[in-house]
Each structure stands twice: as structure tokens, then as C-alpha cells.
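Student: Quick one, fold the following:
(2 chains)
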Amino acid sequence: MKTMKYDKELLKDGKRIDGRGIDDLRDMEAKAGILKRADGSGYFRMGKTEAIAAVFGPRELHPQHKQKPQRGILQCRYNLTPFSVDDRKRPGPSRRGKEIGKVSEGALSSSIFLEEFPTATIDLYMEVISADAGTRCVALNAGSIALADAGVPMKGLISACAAGKIDDTPVLDLKGEEDMGGQVDLPIAMNADTGEITLLQMDGMTDIDEMDEMLELAMKGCEKVAEKQKEALMETF
Amino acid sequence: MDITEIEQRSAVDKIKKSERLDGRELLEFRNIEIETGVAKKAEGSAKVTIGDTKVIAGVKFGVGHPFPDTPDEGMLMVNAEFGPMASPDFESGPPGKEATELSRVVDRGIRESESLPLQDLCIEEGEKVWKVMVDIHIVDHDGNLMDASALAAVKALMEAKKPGLDGDEVLRDEEHDFDLKRVPIACTVAKIAENYLVDLSLVEEEVTDSMVTVTWTKDGLCSLQKRGNGGFKKDELIEIFQIAKEKTDELRKLIE
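Tutor: Next comes the predicted model:
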């Protein structure tokens, strides 16, 4: 995907194709408690990317050999719905989806008091409804809301957003065309209260100074996401 | 898992004193051996041994239809098999989460560094392109499968010769040059007990919950993947990138 040429200028006089500056997030919307049957649920939208998430558990983990005697585990499913992309996607998680499920577990597990639930599982299901770049971040943001909404004891909310590089310039929160024509994509997730980064992936050519700059941007973005998540949770009380 | 809690605790105790169970320095790899031409039918192959970890990678060329968004580019596919012979914990069946993550991280290191000359692999725009398929086979798992696999995959690609083509028939006895533009090397850095380590043994992997796989080329950093359930502060990450840069420069000398 990254090799596809995007022929328009992505950045002109410090403005991006949708009018944002380099450190602006897309407009966001967050909701908690949107589903009836799930123990907790959440919705998050960033521009045209949106996802819903549902939590079940803590509940008994099957098969039994996966149970951990000392602690519970978090299992995440990340999936793009078939209609979330331009050409219909074959239903069910792809290889990419499987990997994102795994890094999502890595992003969220440390923020949950899993030691309180030996042998149990907490299942988090994240479905992307529409995809315009940043789907793993938006899904995680919905997922973190869902965990809190389910009353899962947590050390803090996890908030995610991506930084990247377009036209040789570090920018915050790439949208579809920017992701396709961009040079670097750097999604992160962090606990906005502690500054601990729990998801970090990067594709593209860069160096350490530029990484520093992009991380800085992404971390500021995560702080704004956290405010939005908290607002949504406050509304349910 | 056969690793006892006592082993785990002694590994951590050692690391706290900046030592390791096998006597290595914290930022020292185990002995590395690289052998090529190990699979005679493959267009390129390499076996990488790091300590007791053994990984074989093979490259096969095939012909296929290009992706619609890249009609003039060949295709790269990376797959990993955690075969049941490599560890009592591996089971037969389709790739699990670990194998999927590993193959995708290796894939991104090669793809994002633009190491493969994908445009040279176009046969007929929009119709026919070469598919370069890299299969990674884990045969003995004693820790650090990621770095061993990335090294085996890139070495196999460096060794690969492109077959000839007659219509749709692949002529495997012909050998055409096929050069990589860059050599991406992965190094996984972990933090245990406030110390940074590379090339984790199986026991050490059990006791860490956070590591970062960093892939460098000579021209820059091309891929990152935080693995495990922990987290890092930004300054720690910057330090990790630097450690990985130095270590990948060392590793690159072994295969170039």
C-alpha cells in the first residue's frame, strides 16, 4: 500500500488536504455503553474512521490449558467489517487483523489488574465500521472505553493515535490519503496519566531525531484522545 | 512450558547485577552461524543459528497477478511456520498469533526499507509479475526467533537468483541476478530489571514483558514493533533505538 503514489501535494503552506495543521487531530466522537448484551462497550470516531468495541468478562477461559493460575488474561479480536473499506473485505480477521489483535493485547494488558482474576479471561472485541487510516488506534480507543464501561479494574485508560511523515514533515493523525502517500506511519498507544507507551509500531524510513519528534506529536495526540474518552465515560454515570 | 520459577528468578537476579545466566554481557549476542544454500530446490536459502536457536528461510519465485493498486510491482510474501519439532509448546496447525506477528514484522522490515526492487519484478504491467515468497521455518526454539528469522530471511533473499520465464513456465535452471537495494537487520531489545538486553534466551523471554524489535538499514530506521504486555517511556525508546542501531551494524557485517 505504501508504495502507491499519491499525486497531489499532501502539505501546502503548513496546511494538510483537509485543512488541518501538522499537529491537529481529526474531529473526534466518543461514547460509552452503546450495547445491551455486552458487559461493557464503547464507540470511537476520528474523522471518517470509526469503531465499536464490546467487553465480556472476566469469565471462565476455555480451553482450560490456556488458563494462567496466577492471573487472568486479556484476549482481543480486531476486525475490519467487510464494508469498512473501498473494495469489500473478505469477512473475518486477516493476518493483519490477527497481528493487531495481538498488539492490542500488549497495549491494554498492563493497564488492567489481571492478577485479580486468576484463570479467567476478559474478552475484548473490536470491529472497525469504517476505515480511513488509524483503525487500530480508533479501535483501541473504543476498546479502552469498553473496558472501563464494563467496570474492569484498571490502572488507567489507554489512548491511541498515530503520527507520521508526509512530504518530509512529521504530522499528527494521518487520514487515508496521507497514509497512502505518506512516508512513515507511527501508531502508538499510551497511558496518558503516566506517559507509558504500550503500543508502538512503525513503518517507513526515518531516523532517531525524527522518531523523537513524531513520538512527541503522537503523545500529545494521545492526551487529547484521553480527554475525549473520559468525557464519554463521565456521561454514563 | 518447562521453565521453572526458580530458573526465572535466578535469571532476573543475575540481570539485576548486570550479568546473565549464560555468562554473556547484557548487550552481547550468542554465537551466530550463517549457512547458505541449505535448501537445494529453493532459489535462495539460509540457515541461521543463534546459540541453540535454529531457523531456516527459503525463497521461491512464482508468477502471479499483481495487486490492483500496484500493477507494475512484483509481490513479496513472508510466511512463518512454528513447526511442532521446534518446541514442545508448538502445535501443528495454521499459524498462530506469534507466527503471524513474526512473519509480518519480518515482512515490514524488508518491504518498508524498499530493499526488494519490486518494480524490477514486473513482467507485464497489470497482468503478470514475479511473486517472491519467503518461508521461514523454525526448527529449534531457544529464544529470539524474531532476530534469527529476520536475518535468515534477508540472507536467503541476498542469495536468491531469479529463475527464467518462458510464457507462463518458470525456468528454474536459469539463474538471473537479483540484488537487494538495502539490507534490513532486526534487533530486539528488552528491558528487564531496569537493564537493557539483546538476544534473549528462552528463560529471559519468559521473564520480560516488554521488548521492541527495531529494524535498521544503513540508510535509516525502517520498522518498529513493541512486543509483549509492558510499556516504555519515550526516553527509554530512544535509548533502545540507539542500542539496536549499534547491534544491527554488527550483525550486518556477518552477512554482507
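Student: For the rest of this, base every contact and every neighbour count on C-alpha atoms.
Tutor: OK.
Student: So for chain A, the centremost residue is which one?
Tutor: Chain A has residue A:137 as the residue nearest its centroid, 1.9 Å off, counting by C-alpha atoms, centre = their mean.
Student: Could you look up the SS state of that residue?
Tutor: Secondary structure of residue A:137, reduced to three states by DSSP: H, G, I helix; E, B strand; the rest coil: helix.
Student: which stretches of the chain have low pLDDT?
Tutor: Picked chain A for this. Scanning chain A for pLDDT under 70 picks out the ranges A:1-7.
Student: meant chain B, my bad for not saying
Tutor: Applying pLDDT under 70 to chain B flags the ranges B:1-2.
Student: Could you tell me which residues of it lie near chain A?
Tutor: With C-alpha under 8 Å from any C-alpha of the partner chain as the criterion, chain B comes near chain A at residues B:69-70, B:97, B:100-101, B:104, B:108-109, B:112-113, B:219-234, B:238, B:241-242.
Student: Tell me who's in contact with the nearest residue to the residue nearest to the centre of chain A once chain neighbours are set aside.
Tutor: Counting by C-alpha to C-alpha, 6 or more residues apart in numbering or on different chains, residue A:137 lies nearest to residue A:160, which is 4.8 Å off, once chain neighbours are set aside. Listed by C-alpha atoms under 8 Å, 6 or more residues apart in numbering or on different chains, the contact set of residue A:160 reads A:137, A:138, A:140, A:141, A:187, A:188, A:189, A:190, A:221, A:222, A:225.
Student: Put together a markdown table for those, with secondary structure on each row.
Tutor: Converted to a markdown table, these look like this (three-state DSSP):
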| residue | secondary structure |
| --- | --- |
| A:137 | helix |
| A:138 | helix |
| A:140 | helix |
| A:141 | helix |
| A:187 | strand |
| A:188 | strand |
| A:189 | strand |
| A:190 | strand |
| A:221 | helix |
| A:222 | helix |
| A:225 | helix |
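Student: and residue B:58, how many neighbours does it have?
Tutor: 29 (other C-alpha atoms under 10 Å in any protein chain shown).
Student: host element of it?
Tutor: According to DSSP states H and E, residue B:58 maps onto strand B:53-64.
Student: List the residues that contact residue 138.
Tutor: Just so you know, I chose chain A. A:44, A:45, A:46, A:49, A:50, A:51, A:160, A:161.
Student: not what I meant, chain B
Tutor: Residue B:138 touches B:54, B:55, B:56, B:80, B:81, B:82, B:83, B:86, B:145, B:149, counting by C-alpha under 8 Å, 6+ apart.
Student: which SS class is it?
Tutor: Relying on three-state DSSP, one would call residue B:138 strand.
Student: one step back: tell me the spacing between the residue nearest to residue A:137 and residue A:144.
Tutor: 10 Å (C-alpha to C-alpha, to the nearest Å).
Student: returning to what we had before: any idea how far the residue nearest to the centre of chain A is from residue A:47?
Tutor: 12 Å.
Student: ranges for the strands of the stretch 1-150 of chain B?
Tutor: Applying DSSP state E, counting those that start in this stretch to the stretch 1-150 of chain B gives strands spanning B:32-36, B:44-50, B:53-64, B:75-82, B:122-124, B:128-140.
Student: So which of those strands is the most surrounded?
Tutor: strand B:44-50 (a mean of 26; mean count of other C-alpha atoms under 10 Å in any protein chain shown).
Student: Could you tell me which strands sit next to that one in the sheet, and their orientation?
Tutor: strand B:32-36 (antiparallel), strand B:53-64 (antiparallel) (DSSP bridges).
Student: Tell me which of those sits nearest to residue A:165.
Tutor: strand B:53-64 (32.0 Å; C-alpha to C-alpha).
Student: That closest one to strand B:75-82, inter-axis angle?
Tutor: Taking axes from the mean of the first three to the mean of the last three C-alpha atoms, to 10 degrees, one finds strand B:53-64 and strand B:75-82 inclined to each other by 150 degrees.
Student: Give me the contact list for strand B:53-64.
Tutor: B:39, B:42-49, B:128-145, B:148-149, B:152-153, B:156-157, B:160, B:162-163, B:168, B:170.
Student: Quick one: residues contacting residue 195.
Tutor: In the absence of a named chain, this looks at chain A. A:219, B:233, B:234.
Student: oops, I was thinking of chain B
Tutor: Residues counted as contacts of residue B:195 (C-alpha under 8 Å, 6+ apart) are B:15, B:16, B:18, B:26.
Student: how near is the second one to chain A?
Tutor: What it means is residue B:16. 22 Å (C-alpha to the nearest C-alpha, to the nearest Å).
Student: which parts of chain A sit against chain B?
Tutor: Contact residues (C-alpha under 8 Å from any C-alpha) of chain A with chain B: A:1, A:3-4, A:95-96, A:98-99, A:102-103, A:105-110, A:195-208, A:212, A:215.
Student: Which members of these are classed as buried?
Tutor: Listed as buried from the residues of chain A next to chain B are A:3, A:95, A:98-99, A:102-103, A:105-110, A:195-206, A:208, A:215; burial here means 16 or more other C-alpha atoms under 10 Å in any protein chain shown.
Student: Could you tell me which of those belong to strands?
Tutor: Using DSSP state E, the subset of these located in strands is A:196, A:197, A:198, A:199, A:200, A:201, A:202, A:203, A:204, A:205, A:206.
Student: can you name the two of the residues you listed that are farthest apart?
Tutor: Within those, A:196 and A:205 form the most distant pair, 24.2 Å apart (C-alpha to C-alpha).
Student: Wait, the residue nearest to the centre of chain A touches residue A:188, no?
Tutor: Yes. With contact defined as C-alpha atoms under 8 Å, residue A:137 and residue A:188 form a contacting pair (7.5 Å).
Student: list residues touching both of these two?
Tutor: Overlap of the contact sets of residue A:137 and residue A:188 (by C-alpha under 8 Å, 6+ apart) consists of A:160, A:161, A:162.
Student: For those, could you give me TSV that also reports secondary structure?
Tutor: Formatted as TSV, the shared contacts of residue A:137 and residue A:188 follow (three-state DSSP):
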residue	secondary structure
A:160	strand
A:161	strand
A:162	strand
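Student: for these, which one is nearest residue B:3?
Tutor: Among the shared contacts of residue A:137 and residue A:188, and counting by C-alpha to C-alpha, the member closest to residue B:3 is residue A:160, at 34.7 Å.
Student: what bridges to that closest one?
Tutor: Beta-bridge partners recorded for residue A:160 (DSSP bridges): residue A:189.
Student: try the one 10 residues further on
Tutor: Legend: beta-bridge partners of residue A:170 under DSSP bridges are residue A:165.
Student: for residue A:79, same thing?
Tutor: Applying DSSP bridges to residue A:79 gives these bridge partners: residue A:127.
Student: related to what we said a few turns ago, can I get the strands of the stretch 1-150 of chain B in a markdown table including distance to residue A:173?
Tutor: As requested, the strands of the stretch 1-150 of chain B are exported to a markdown table (distance: least, C-alpha to C-alpha, whole Å):
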| stretch | distance to residue A:173 |
| --- | --- |
| strand B:32-36 | 41 |
| strand B:44-50 | 39 |
| strand B:53-64 | 35 |
| strand B:75-82 | 28 |
| strand B:122-124 | 33 |
| strand B:128-140 | 33 |
